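*Asks:* Quick one: sequence and predicted model below, then my questions.
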Amino acid sequence: MFSLSPGYIILGIVLVIVAFIVATYNKLIGARNMVDNAWHNIETLLQKRFDLVPNLVNTVKGYMQHEKEVLENITKARATLQQATSVQENASAENMLSGALKTLFAVSENYPELKANENFLLLQEELSGIESKIAYARQRYNRSVMVYNTIIQRFPVNILAGAFNFREKDYFQTESPEARGPVKVDFNGR
């Protein structure tokens, strides 16, 4: 008959615990890196849009002299986005810029010459493509955050996550109900 000494049993238990800790830590690192990668993808797209906005504003300026407030709101939103440092600040600034751009495109309907301008049409198309990519990247980021947060909240991983200082990540979300709704444009208020 084969019997194990207590020393081997204890060693086996210690090895299982160490293996669990290493595997869990590596899983946490992988999940955190997925969130960070998804966030960097959003930042890349926001930078692309950020760089595109001045070209759009310059193209529109000559046509929309009566819409100075719309252009100022875009410039203000762009500056706010540039100064944002956290996920929530970025989300707020990104929502502000998206709303201002929606307003710009809605107001542009009043300017047939602008709508026919080839440069404006190209910029509008490129911006529309970037907006779609940003929406997808936000979904991917939020999905990564959900997976990461779920991992660090489950028992017994939550004990190790706390010990290794893994903290919940914030979702990229719209803060105001106005940003969630359609853009309202008043053409009579000129």
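*Replies:* Perfect, thanks for sending it. On a predicted model such as this, the values are computed, not experimentally measured, just so you know.

*Asks:* The helix ranked longest in the chain: how far from the chain's middle?
*Replies:* For the chain, the helix with the greatest residue count under DSSP state H is helix 6-61. Relative to its parent chain, helix 6-61 has a centroid offset of 14 Å by CA atoms, centre = their mean, to the nearest Å.

*Asks:* Model confidence score at residue 181, please.
*Replies:* Per-residue pLDDT puts residue 181 at 50.

*Asks:* before we move on, which element is the residue lying closest to residue 31 once chain neighbours are set aside in?
*Replies:* Excluding the flanking residues, the one nearest residue 31 by CB to CB, 6 or more residues apart in numbering is residue 148, at 4.2 Å. No exception for glycine: its C-beta is placed from N, CA and C like everyone else's. Assessed by DSSP states H and E, residue 148 sits inside helix 118-153.

*Asks:* Going by neighbour count, which residues in that helix are buried?
*Replies:* Using 16 or more other CB atoms under 10 Å as the burial criterion, the residues of helix 118-153 that qualify are 120, 123-124, 127, 130, 133-134, 137-138, 140-142, 144-145, 148-149, 151-152.

*Asks:* where's residue 112 relative to residue 128, distance?
*Replies:* Going from residue 112 to residue 128 by CB to CB, to the nearest Å gives 20 Å.

*Asks:* Now do the SS call for the residue lying closest to residue 86 once chain neighbours are set aside.
*Replies:* Spatial nearest neighbour of residue 86, excluding adjacent residues (CB to CB, 6+ apart): residue 170 at 7.5 Å. Counting by DSSP: H, G, I helix; E, B strand; the rest coil, the backbone at residue 170 sits in coil.

*Asks:* who does the following helix or strand past the helix holding residue 148 touch, helix- and strand-wise?
*Replies:* Sequence-wise, the next helix or strand downstream of helix 118-153 (DSSP H and E) is helix 157-163. Applying 3 or more CB pairs under 8 Å, 6 or more residues apart in numbering; DSSP states H and E, one finds that helix 157-163 contacts helix 6-61, helix 118-153.

*Asks:* The longest one to helix 118-153, inter-axis angle?
*Replies:* Here helix 6-61 points in a direction 160 degrees away from that of helix 118-153 (axes from the mean of the first three to the mean of the last three CA atoms, to 10 degrees).

*Asks:* Does anything pack onto helix 6-61? Which helices or strands?
*Replies:* Under the contact criterion of 3+ CB pairs under 8 Å, 6+ apart, helix 6-61 touches helix 68-83, helix 87-108, helix 118-153, helix 157-163.

*Asks:* just so I know, which of those helices lies nearest residue 57?
*Replies:* Closest approach to residue 57 among those is made by helix 68-83 (5.6 Å; CB to CB).

*Asks:* ok, and what's touching the closest one?
*Replies:* Contact with helix 68-83 is made by 46, 50, 53-54, 56-57, 60-61, 64, 89-90, 92-94, 96-97, 99-101, 103-104, 107, as judged by CB atoms under 8 Å, 6 or more residues apart in numbering.

*Asks:* Brilliant, that's me finished.
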